[in-house]
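> quick one, what's the 3D model for this:
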Amino acid sequence: MSVALPYFKDASLLPGPLPTQEEIETATEALPTIRDPTYDGRIVVIRNLYVVKYGNFVMENEGHVLLYIERHLSIPAPRLYAMYRKDEKLYIVMDYIPGENLHTLWPSLSTVEKSFILGQLRAILDKMRSLPAPDFFGSVARGPVPYRYFYSRDQNPAVTGPFANEADFSMALAEKSRLNWADTNQPGWTSRFFARNLPVALKGHDCVFTHSDLHPQNIIVQQQQQPADSRSTMKYYIVRAIIDWETAGWYPSYWEYAAAFALLQWTDDWPESLEAVVDPWPLEAAMLKFVHRDLEL
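Numbering: from 1, shown residues only. As a prediction, the model looks like this:
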């Protein structure tokens, strides 16, 4: 699923006039991001109608994924209203979805409140998993795998994909490691280990539609008003959106859990709760965490 740029949704389907360049560049309400502080880009709110993500390193894949979701799934995610380039920067214009990110809210929630949210997230992920699988691992546009581990400066297809099978997907991680170590003129002992063992350890998994950055900060929830006659002290939160789909695509079924596992901090009960949202793959996750340590050096 891809569209040619510039892309603009029909004006009759917009909540209001699209943001002007002046509105975007002078916007003062910026949304938080889990990106590196040196990341060249901004995420701004315009008129409480639109969110605009823009910068030199913003990825088209996010816009393609949002269109794919709109056409093939009924899950809470932003709608894409425009995507275009200006002065080498990519601009993605989406609808603004009010609420709180789950990362901020999580410590204050009761066990029952958390369980209510986790049930919604599980239903969303189950819908994503129910989509018919394609015959490749890669982006929704049948392009390279959009996760950073598969980036190649020279667009080496052995690293980037798309891949026809899971063995090639796994070998790409080993090749990425080998190239990284070659750049340092040091022996690539870990990359040799990966080449020998990843295709054996990471095999037999279905290809499924995957967000691939399922961090609580990328989950927007909103509290619902209690019925007037309710005596319950429980607060009801509805999952309004999962956001930040820039690395989403078709991955092996272990990837959603394993990619999140590699970044878990284990400072609260979120790691345990994640297992209620997506099936855990602990052995694959442990292997991918080793890959993560190697590639993030």
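
> endpoints of stretch 85-96, how far apart?
21 Å (CA to CA, to the nearest Å).

> ditto for stretch 251-259
Its start and end residues considered, stretch 251-259 measures 11 Å (CA to CA).

> who touches it?
125, 129, 137, 145, 147, 166, 169, 202, 205-208, 210-214, 274-275, 278-281, 284-285, 287-289 (CB atoms under 8 Å, 6 or more residues apart in numbering). For the C-beta atoms, the positions are set from N, CA and C on the backbone; glycine is no exception.

> so who does the residue nearest to His292 when sequence neighbours are not counted touch?
Counting by CB to CB, 6 or more residues apart in numbering, His292 lies nearest to Ala262, which is 3.9 Å off, once chain neighbours are set aside. If you count contacts by CB under 8 Å, 6+ apart, Ala262 has them with 285, 288-289, 291-292.

> what pLDDT does Ala262 get?
As predicted, Ala262 sits at a pLDDT of 94.

> with the one 5 residues further on instead?
Among the per-residue scores, Thr267 holds a pLDDT of 95.

> quick check: it vs Pro216, distance?
Thr267 sits 12 Å away from Pro216, going by CB to CB, to the nearest Å.

> could you do Ala201 as well?
28 Å.

> look at those two and report which has more neighbours.
Pro216 (20 against 15; other CB atoms under 10 Å).

> which residues does the more buried one contact?
101-103, 106, 270.

> in JSON lines: the residues you listed, plus neighbour count and secondary structure.
Below are the contacts of Pro216 laid out as JSON lines (neighbours: other CB atoms under 10 Å; DSSP: H, G, I helix; E, B strand; the rest coil):
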{"residue": "Asn101", "neighbour count": "19", "secondary structure": "strand"}
{"residue": "Leu102", "neighbour count": "22", "secondary structure": "helix"}
{"residue": "His103", "neighbour count": "15", "secondary structure": "helix"}
{"residue": "Trp106", "neighbour count": "20", "secondary structure": "helix"}
{"residue": "Trp270", "neighbour count": "19", "secondary structure": "helix"}
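
> now distance to Ala141 too, for the residues you listed, in TSV please.
Below are the contacts of Pro216 laid out as TSV (distance: CB to CB, whole Å):
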residue	distance to Ala141
Asn101	28
Leu102	29
His103	30
Trp106	34
Trp270	32
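
> which among these gets closest to Gly16?
Using CB to CB, Asn101 comes nearest to Gly16 of the contacts of Pro216, at 24.3 Å.

> tell me the buried residues in the host helix or strand of Val239?
If you go by DSSP states H and E, Val239 is part of strand 236-242. By neighbour count on 16 or more other CB atoms under 10 Å, the buried set for strand 236-242 is 236-237, 239-242.

> quick one: contacts for Asn61?
Contacts of Asn61 by CB under 8 Å, 6+ apart are 139-141, 143, 146, 245-249.

> from Val208, how far out is Glu60?
22 Å.

> no, scratch that, I was asking about Ala27
36 Å.

> can you report phi and psi for Val200?
phi -80, psi -40 (degrees, to the nearest 10).

> one more: Asp244?
phi 60, psi 70.

> for burial, what's the neighbour tally of it?
22.

> quick check: the gap between it and Arg129.
Distance from Asp244 to Arg129, by CB to CB: 19 Å.

> neighbours of Thr20, how many?
Thr20: 10 neighbours (other CB under 10 Å).

> can you give me the helices for the chain?
Secondary structure of the chain by DSSP state H: the helices cover 21-26, 60-72, 102-105, 111-129, 157-160, 166-183, 189-201, 255-261, 270-277, 282-295.

> of the contacts of stretch 251-259, buried ones?
125, 129, 137, 145, 147, 166, 169, 202, 205, 207-208, 210-214, 274, 278, 280-281, 284-285, 287-289.

> where does the stretch 101-250 of the chain dip in pLDDT?
Low-confidence segments of the stretch 101-250 of the chain, defined by pLDDT under 70: 227-231.

> try it again with 80
226-233 (pLDDT under 80).

> Ala260 and His215 touch, don't they?
Yes: using CB atoms under 8 Å, Ala260 is in contact with His215, at 6.9 Å.

> okay, the buried residues of strand 236-242 in CSV with distance to Arg79 next?
Putting the buried residues of strand 236-242 into CSV (distance: CB to CB, whole Å) gives the following:
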residue, distance to Arg79
Tyr236, 24
Tyr237, 21
Val239, 16
Arg240, 13
Ala241, 10
Ile242, 13
